[in-house]
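> sequence first, predicted coordinates after that:
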Amino acid sequence: MSRLLADRVTLAYGRGPAVVESLSVSVPDGVVTSIIGPNGCGKSTLLRALARLIAPASGTVILDGEAIHRLPTKEVARRLGLLPQHPSAPDVIAVEDLVRRGRYPHRSLLQPMSAQDHAAVERALELAGVAHLRERAVDELSGGQRQRVWIAMALAQETPILLLDEPTTYLDLAHQQEILRLIRRLARQEGRTVVAVLHDVNAAAWVSDHVIAMRDGTIVAQGPPGEVLQPRTLQQVYGVECDVVECASSGIPWCVARGRSLWRMLELAAETGENGGERGDGSLPEDGPAGRRSRPGAPRDALQARGLSAGYDGRTVLRDVSAAFPAGKVSAIVGPNACGKSTLLRALAGLLPAEGEVWLNGRPLHAFRPRALARELGILAQEAPVPPGMLVEDLVACGRYPHQRWYRQWTPEDQRAVERALEVTGTAELRWRPVEALSGGQRQRVRLAMALAQSTPVLLLDEPTTFLDLAHQIEVLELVRELNETEGKTVVMVLHDLCQASFYADHLVVMKEGRVVAEGPPGSVMTEEMVREVFGMRCSVFPDPLTGTPLVVPQGGDAASPAPAGAAPAAQAETIHGETARASRPPVLRG
């Protein structure tokens, strides 16, 4: 019998409808179990019930043979640790002080920290890779750094069962892999039971021994990753066509989601006689796949940074950054956590004091009045507080503020812009809901709707796919491409997913330690050497057989060192399965 299981539980919030109904699940002991599924399917609700944060309307959660709600709180906290999706820390608390809070279940009231407590905190800081941040205030850290600090606090709790809700949120590729390796180590070397809610299907494939796929509050499939992560199951769960690449170097299934723009690209490739954008030798054309060529007559750059330096509280983050973002194109900024991606985006928007210059459509940024600038350039920031009780439609309507005048308030044009933003982001049905009552994915789409309602020719997006499931990630990125292709919008976005950045962007800017180290078309920038140098890890980079854009797949093993001199290139992948692959051309991936 498993240590942790749910027996016919029905879960709801207050008097609302059931989110999960009569669901039974047994968590395998001593292995990693991932729960995947679309936003709102009940993943986090189930995890909260397993953690005793939600009392089932019916049914029982059982821990070590006893109903979990009958156990004392402190006893549950000694056996079971939780990383919630949206943790909050007191103002100006230091990293080490926050991690120490993980030791509370092991201490009596007013009892000082013991040697065992100190050792547990040190080990947690080291395992999460945040020991060097111990004296920093948590609210000064980047999103990825904060996430690792919260993971450290959960590790300091030293429980045999660990529940993690979106542990890789905000993390770059290298730190995602660090956390996933840590999760595997906790299970395989220390025998801990780990349950993780993951939006990233490929992360689930990489880390899991057991996968539970949910939709609409029910379990659609469960079992080993190779059995669950199949194209038809993924289509059933997410409603998105997917191909699954079999990676010969790791044996791990790798999901490649396919959006509407793939079909447009293949149609254009057929018309022009191009092979999906890929050259005959399997290499990538430098100017991207077919159908994404420069518009004649367009200005070369919409945004330029010239010698830009900026930071926070006397700490320099950007160091003499110069970069250009082509007009009428989609650009993606990629790089490790805390390398300055979000800082660069804020500086480009004029939200941060900076040395150097920013030029917008041939004019220096400082020449624009604030309201005039807001009509030319919109930004979706990584985090922005929302007043309590604010409704979704009211927040989206805030995007129209730059278009208001004291003599001309709300107009039919404003209402049309709001309605369109709600519609294209799939948030129209949420319009009367308080923003604070939404899930992380729903909140992210509402904030994107506000940015779209601003109706600016230049749009800056800081991690627009954060908290979104696979289907909504693709929907948002497809929307970005459609806005670019139909309205000519210039889009600059920060992305952590290198495969998505390579497919949806025309232009990449790669950052490391506050500097731009590479920029250009994905086919020329996204190489194995670049990923190793910038992210400190080994990946296989090979052309997608349908689009020619780079696929970036982490290699197995823990070392980030380069391959031995003279070694043959790593095997990339051998076959690709799925309806999209069968509908296009022979399914062979070359490495």
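Noted; the coordinates are in hand.

> what strand or helix carries the closest residue to Cys242 other than its chain neighbours?
Leaving aside its sequence neighbours, Cys242 sits nearest to Leu234 (CB to CB, 6 or more residues apart in numbering; 4.4 Å). Placement of C-beta: from N, CA and C, glycine included. Element membership of Leu234, judged by DSSP states H and E, is helix 231-238.

> one more: Gln500?
Gln500 is part of helix 498-504, with elements assigned from DSSP H and E.

> helices or strands next to the helix holding Leu234 in the packing?
strand 210-215, strand 218-223, strand 242-246, helix 470-487 (3 or more CB pairs under 8 Å, 6 or more residues apart in numbering; DSSP states H and E).

> quick check: mean pLDDT across the helix or strand following the helix holding Gln500?
For helix 498-504, the following helix or strand on the C-terminal side (DSSP H and E) is strand 507-512. The average pLDDT for strand 507-512 rounds to 96.

> ok, now stretch 190-202?
Averaging pLDDT along stretch 190-202 yields 93.

> please save the CA atoms from that stretch in PDB.
Provided in PDB are the C-alpha atoms of stretch 190-202 (Å, rounded to 0.1, in the frame of the first residue of the first chain):
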ATOM      1  CA  GLU A 190      17.500   9.000  -0.800                       C
ATOM      2  CA  GLY A 191      14.400   7.000  -1.400                       C
ATOM      3  CA  ARG A 192      12.100  10.000  -1.100                       C
ATOM      4  CA  THR A 193       8.600  10.100  -2.700                       C
ATOM      5  CA  VAL A 194       8.300  13.200  -4.900                       C
ATOM      6  CA  VAL A 195       5.100  14.400  -6.500                       C
ATOM      7  CA  ALA A 196       5.500  17.400  -8.900                       C
ATOM      8  CA  VAL A 197       2.900  19.300 -10.800                       C
ATOM      9  CA  LEU A 198       4.500  20.300 -14.100                       C
ATOM     10  CA  HIS A 199       3.400  22.300 -17.100                       C
ATOM     11  CA  ASP A 200       6.400  21.300 -19.100                       C
ATOM     12  CA  VAL A 201       5.600  17.900 -20.600                       C
ATOM     13  CA  ASN A 202       9.300  17.400 -21.600                       C
END
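
> what comes up buried for it?
Arg192, Thr193, Val194, Val195, Ala196, Val197, Leu198, His199, Asp200, Val201, Asn202 (16 or more other CB atoms under 10 Å).

> quick check: closest non-adjacent residue to the second one.
For Thr193, the nearest residue in space outside its immediate sequence neighbours is Ile161; the separation is 4.6 Å by CB to CB, 6+ apart.

> not counting sequence-adjacent ones, nearest residue to Gly426?
Arg445 (6.3 Å).

> roughly how far does that neighbour sit from Ala384?
Applying CB to CB, to the nearest Å, the value for Arg445 to Ala384 is 14 Å.

> okay, Leu268: pLDDT?
At Leu268, pLDDT is 67.

> sorry, back to before: looking at Arg445 and Ala384, which is more packed in?
Shown here are Arg445 and Ala384; by other CB atoms under 10 Å, Arg445 has more neighbours (26 against 11).

> what angle do the helix or strand encompassing the more buried one and helix 470-487 make?
Using DSSP H and E, Arg445 sits in helix 440-453. Between helix 440-453 and helix 470-487, the angle comes out at 10 degrees (axes from the mean of the first three to the mean of the last three CA atoms, to 10 degrees).

> now helix 440-453: mean pLDDT?
Across helix 440-453, pLDDT averages out at 86.

> helices or strands up against it?
Using 3+ CB pairs under 8 Å, 6+ apart: helix 440-453 touches strand 377-380, helix 392-397, helix 412-424, strand 458-462, helix 470-487.

> repeat that with 6 Å
strand 377-380, helix 392-397, helix 412-424 (3 or more CB pairs under 6 Å, 6 or more residues apart in numbering; DSSP states H and E).

> picking that back up, what's across from the residue nearest to Thr193 in the sheet?
Beta-bridge pairing of Ile161 under DSSP bridges involves Leu80, Thr193.

> contacts only, for it.
Shown in contact with Ile161 (CB atoms under 6 Å, 6 or more residues apart in numbering): Leu4, Leu80, Thr193.

> and Arg515, by the same measure?
Applying CB under 6 Å, 6+ apart, we find Arg515 in contact with Arg319.

> tell me which residues form a beta bridge with it?
Lys512.

> use 256 as the first number from now on
Sounds good: first residue 256 from here, last item Arg770.

> so, low pLDDT: which residues of the stretch 356-505 of the chain?
For the stretch 356-505 of the chain, residues meeting the criterion pLDDT under 70 lie at 502-505.

> again with the stretch 506-655 of the chain
Along the stretch 506-655 of the chain, segments meeting pLDDT under 70 span 506, 521, 523-554, 638.

> which parts of it are strands?
All strands of the stretch 506-655 of the chain, identified by DSSP state E, counting those that start in this stretch, fall at 508-512, 556-567, 570-581, 585-589, 609-615, 618-619, 632-635.

> tell me the most buried of these?
strand 585-589 (a mean of 27; mean count of other CB atoms under 10 Å).

> now it - C-alpha only, CSV.
Output in CSV follows, covering the C-alpha atoms of strand 585-589 (Å, rounded to 0.1, in the frame of the first residue of the first chain):
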residue,chain,number,x,y,z
VAL,A,585,9.5,38.7,-33.4
SER,A,586,12.6,38.8,-31.3
ALA,A,587,13.3,36.6,-28.3
ILE,A,588,15.8,37.3,-25.5
VAL,A,589,17.2,34.2,-24.0
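
> I'd like the distance from that strand to the chain centre, please.
Chain-centre distance of strand 585-589: 15 Å, with CA atoms, centre = their mean, to the nearest Å.

> before we move on, what about stretch 319-326?
Remark: stretch 319-326 is offset 35 Å from the chain centroid, using CA atoms, centre = their mean.

> can you list contacts of it?
Arg258, Arg307, Thr315, Val316.

> closest to Glu783 out of these?
Glu783 lies nearest to Arg258 out of these, by CB to CB, at 41.7 Å.

> can you count the residues close to the closest one?
18.

> how much space between it and Leu305?
11 Å.
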